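Visitor: sequence below, structure please.
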Amino acid sequence: MNWIIRSTKIVKFHTNLLEVLKPIWKDFIDYDWVLTDLDFMTDDEIPINFDKDYFVLNKEEFETLYQSSTQIIWGIISAVPKNTQIDFNLISNLSAEDEKAWKPNEFLIEKAFLEIVAYDSGYTIVKFKDKKLSNQFKEYFQEEAIDLATFIEISSTLK
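Guide: Numbers count the residues shown, from 1 in each chain. Below you'll find the model as predicted:
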């Protein structure tokens, strides 16, 4: 239930949340969103900036980001159940470059139901705790969503 998108015809750019979340968006109305280690480009008015290390957005705030034309270059974006207790010291020190980001079924934010890791504008890692949502995601992206474990195995044999 872990996928990586490396190149795609569906998504205009990595990591375009409107496209990445399109097949599963309706399933996330009851979640807050934790965003950390961000680098991004946008011309839109959005509820994140470079003044803080992390953001916790409610559904409405996140929807503004979701609907925008924002490219997430680096970052960790996690859907957590509303009112989840969060260790902000831990969150502020997380990095998209952490090796745990590349390990299947390991979430940087443990309480995340969904975790998206944007890695250097070229990779989007998407991890699910719900098989049904994972299957919806894979069905939408088809061969463009590569199993993360398979991708890592193939990449290691090329070195």
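Visitor: need the residue closest to the centroid of the protein.
Guide: Ile116 (1.5 Å; C-alpha atoms, centre = their mean).
Visitor: can you tell me the helix or strand for it?
Guide: Using DSSP states H and E, Ile116 falls within strand 114-119.
Visitor: where does this protein have low pLDDT?
Guide: 7-12, 158-159 (pLDDT under 70).
Visitor: what are the ranges of the strands in it?
Guide: 2-5, 31-41, 54-57, 71-81, 114-119, 123-128, 145-147 (DSSP state E).
Visitor: pairing partners for the fifth one, with directions?
Guide: The one in question is strand 114-119. Its sheet considered, strand 114-119 pairs with strand 71-81 (antiparallel), strand 123-128 (antiparallel) by DSSP bridges.
Visitor: let me have the ones you listed in a markdown table, extended by distance to Asp147 and mean neighbour count.
Guide: Bear in mind the C-beta positions are built from the backbone N, C-alpha and C, glycine included. Compiled in a markdown table, the strands paired with strand 114-119 are given as follows (distance: least, C-beta to C-beta, whole Å; neighbours: other C-beta atoms under 10 Å):
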| stretch | distance to Asp147 | mean neighbour count |
| --- | --- | --- |
| strand 71-81 | 20 | 22 |
| strand 123-128 | 11 | 23 |
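Visitor: any chance of the ones you listed in TSV, plus distance to Pro23?
Guide: Below are the strands paired with strand 114-119 laid out as TSV (distance: least, C-beta to C-beta, whole Å):
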stretch	distance to Pro23
strand 71-81	14
strand 123-128	11
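Visitor: still on that earlier bit, is it possible to get CSV of the strands of the chain that adds distance to Asp98?
Guide: Listed next are those as CSV, based on distance: least, C-beta to C-beta, whole Å:
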stretch, distance to Asp98
strand 2-5, 15
strand 31-41, 9
strand 54-57, 14
strand 71-81, 9
strand 114-119, 9
strand 123-128, 11
strand 145-147, 20
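Visitor: nice, that's everything, thank you.
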